[in-house]
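Asks: Have a look; sequence and predicted model below, questions after that.
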Amino acid sequence: MESDKNERETSREVCANGNSINAAELEAKLDAGNVQEAETALRDGLSLSSEEAKAVLGKLEYQRGNVENALQVFDGIDLQPIIQQLQTSLSEKGPVKNALLFEVVYLRIKCLQKLDKCTEAIDECKSVLDAVEKTYGQGTFDTQVDNKSQEIASRVVELLPELWKQVGRYDEALSAYRNALLSQWNLDNEFVARIQKALAVFLLYSEVEASPPNKTDGSYVPKSNLEEAILLLMIILRNFILGKIKWDPSVMEHLTFTLSTCGQTSILAKQFEELIPGVYHRIDRWNFIAMCNCGAGENKSALNLLRMSLHKHERPNDLIALLLAAKICSEDPHLGAEGVGYAQRVINNARGLDEHLKGVGLRMLGLCLGKQARVCSSDHERSNLQSRALQSLEKAIRLEQNNADLIFELAIQYAMHRNLTVALSCAKQFFDKTGGSTLKGWRLLALVLSAQKRFAEAEVVTDAAVDETAKWEQGPLLRLKAKLKISQLRPMDAIEIYRYLLALVQAQRKAPGPPKQGSQVEDDKINELEVWHGLANLYASLSHWKDAEICLQKAKELKEYSPATTHAEGKNKSLSILFEGRGEHLEALIATLNAVLLEPNYVPSKILMASLILKIDFISAAPVARCLLCDALRIEPTNRMAWYYLGLTHKADGRISDAADCFQAASLLEESDPIEGFSSMI
């Protein structure tokens, strides 16, 4: 090995004018401090002028990392004639007579930069660029100009903004970047791409709020750092696709970060789709696009791509893809069983360096089992799946004790199983982990307290949450507070809260920003449709039928075909029959049937329809009502009203023991019923 190294060192040569000299001999003279001898050896051996010899020695010292020595050598060269020579060659559209000397200008600037003499380096950069601009102030470099000279001029253009940044002059750096891109320097595509990327990175991460570029030709002007950075990165990507530049993976990394940050993952997916084959392995590409689609809410497309990626002939045990597929499935009851399979594969394959993902796999398994249980037709199987879901989450929490999201999910599972003491403990633990920074933490705490019938404490929590929450985000909390008022038999206070919510909706509609559409204002924070429904139900419970009908009409104007609106309409009619004796049960039944047809899984309508059927023909219609109620309990096993009416159907058929069990279940659930279902939190 040592002999190979020595052979390489002795074979290094400096060549010029058809002659050569051993580089090691020159370096030995330089190391001994014999600069003049080294210069003489170059002049005699290669027929170089004194300045050319100094240029070679300075470059050699620079390449060896001896920056101070290189600068001392360069200081012995008069650079002004070299810059003038550049001007002459450019104006005559011919090559520089000695590109080696012109390279000295750039290397000297680099030496100054490395020695933190950036102010001097900036002055020399500006001197070079001023000379070029004077020559071609109204035109462009000609392609016949010597390539080496053009490259060095391009490097100076590229270096100047970096020097401005190094001295903390960010406005000048920004101007230098834009000037480099907008001026006619005849930069090749690779130089332009590097400057564009450097500017994009500066805009993204410098924390300097840059003023938008000046444009007078009517072209698009970015409104922010983020927009300008995205535009630059997409231009680079487009030039790569067109074959103008080489592939730079960091461009896609920056674009991925940027578009993900601003929630534009659908645009990012399109960029991945447009990349030519071979840039990424097809499986990686499927996975990238799937992640983007998932972020954009296009779960169906994402899952289809992941199914291809996880095929037995592709990468069936890719843990990240399996986890993403399981996560998508955990959000849809009909995909729960498929998600269980993905999660189990994660658990089975999370070994070695990937063992830390086992806890995530167990968490996904628990969520998918819970979703699978919701569509299970067998009571026994549903109970088994729910138990397995809870066990999986409990195993996961042992591995990830500080995972706040997992603690939250476990709290909901305990709450849905009506283990309220443990649920409250988990809710408090989640609250402590997040410092009360999330809206769902406040809501969960208030709901668990309401299930324990601690309404006053729940209201204190809700009030504190409202104080800590921005005005436009208070909708869910205020609706919760209104229901707490109703539970404490203070309906007029609840009405005032609903009215305040409606005023917030109107104020937000008039607030500056993008127009709000339909029943929902920005970010789904205040849902006007839900406010009208809540107010209608409240008026109906007070037998204010006209007011309830007005509220329902307002809801229908927002969304004509809504199961919640149609259900409320049927409920209003049913209550008005019960308390005032007006109308017919059939009218309410038709309205409720419409709600069931609009949304077959809407539990309140199934229960109301069953109750109306029992009222119309108590005995002969009992089997139909029982079918509706069993279906409602399949979706919401802890719905006390479904258990109560199921008890009535059993009683009508003479099954007194079954009826007693149902009534007992309804009674127990009523004791632990929250003011809003815990399922609303997932």
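Replies: Sure thing, it's come through. Numbering: from 1, shown residues only.

Asks: Could you measure from Gln391 over to Ala350?
Replies: 18 Å (C-beta to C-beta, to the nearest Å). Glycine gets a C-beta too; all of them are placed from N, C-alpha and C.

Asks: pLDDT below threshold where in this structure?
Replies: Scanning the chain for pLDDT under 70 picks out 1-11, 82-99, 135-146, 214-219, 511-526, 559-588, 591-592, 594-598, 617-620.

Asks: residues near Thr638, how many?
Replies: 20 (other C-beta atoms under 10 Å).

Asks: now the strands: where do they sit in the protein?
Replies: 13-16, 19-22 (DSSP state E).

Asks: do you know which of those strands lies nearest Pro316?
Replies: Among the strands of the chain, the nearest to Pro316 by C-beta to C-beta is strand 13-16 (56.2 Å).

Asks: Need the CA coordinates for that closest one. PDB is fine.
Replies: The C-alpha trace of strand 13-16 is given here as PDB (Å, rounded to 0.1, in the frame of the first residue of the first chain):
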ATOM      1  CA  GLU A  13       3.000  16.300 -12.700                       C
ATOM      2  CA  VAL A  14       2.400  19.900 -13.600                       C
ATOM      3  CA  CYS A  15       2.200  20.400 -17.400                       C
ATOM      4  CA  ALA A  16       2.300  23.500 -19.700                       C
END
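
Asks: so what strands line up beside that strand?
Replies: strand 19-22 (antiparallel) (DSSP bridges).

Asks: Give me the contact list for the strand it pairs with.
Replies: By C-beta atoms under 8 Å, 6 or more residues apart in numbering, the residues outside strand 19-22 that reach it are 10, 12-14, 41-42, 45-47.

Asks: ok, now with 10 Å
Replies: 9-15, 28, 38, 41-42, 44-48, 56 (C-beta atoms under 10 Å, 6 or more residues apart in numbering).

Asks: Ok, stretch 347-358 next?
Replies: Contacts of stretch 347-358 (C-beta under 10 Å, 6+ apart): 316-320, 322-323, 346, 359-362, 364-365, 392, 395-396, 399-400.

Asks: can you do 6 Å?
Replies: For stretch 347-358, contacts defined as C-beta atoms under 6 Å, 6 or more residues apart in numbering pick out 317, 319, 361.

Asks: Turn the residues you listed into JSON lines, including distance to Ser149.
Replies: Below are the contacts of stretch 347-358 laid out as JSON lines (distance: C-beta to C-beta, whole Å):
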{"residue": "Asn317", "distance to Ser149": "56"}
{"residue": "Leu319", "distance to Ser149": "53"}
{"residue": "Gly361", "distance to Ser149": "60"}
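
Asks: Mind checking which of those residues are buried?
Replies: By neighbour count, with 16 or more other C-beta atoms under 10 Å, those hold 319, 361 as buried.

Asks: Filter the contacts of stretch 347-358 down to the ones in helices?
Replies: 319, 361 (DSSP state H).

Asks: on that earlier part again, ok, which of the strands of the chain comes nearest Ser183?
Replies: So among the strands of the chain, strand 13-16 is nearest, using C-beta to C-beta, at 34.1 Å.

Asks: buried stuff in the closest one?
Replies: Buried residues in strand 13-16 (16+ other C-beta under 10 Å): 14, 16.

Asks: now swap in stretch 484-496 and tell me
Replies: 484-487, 491, 494-495.

Asks: Kindly report the same for stretch 104-120.
Replies: 104-114, 118.

Asks: Adding distance to Lys300, write those out as TSV.
Replies: Below are the buried residues of stretch 104-120 laid out as TSV (distance: C-beta to C-beta, whole Å):
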residue	distance to Lys300
Val104	62
Val105	60
Tyr106	55
Leu107	58
Arg108	61
Ile109	56
Lys110	54
Cys111	59
Leu112	58
Gln113	53
Lys114	55
Cys118	54
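
Asks: Ignoring the adjacent residues along the chain, who's closest to Lys554?
Replies: For Lys554, ignoring the flanking residues on the chain, the nearest one in space by C-beta to C-beta, 6 or more residues apart in numbering is Trp532 at 4.8 Å.

Asks: got a list of what the one you found touches?
Replies: By C-beta under 6 Å, 6+ apart, Trp532 lies in contact with 551, 554-555.
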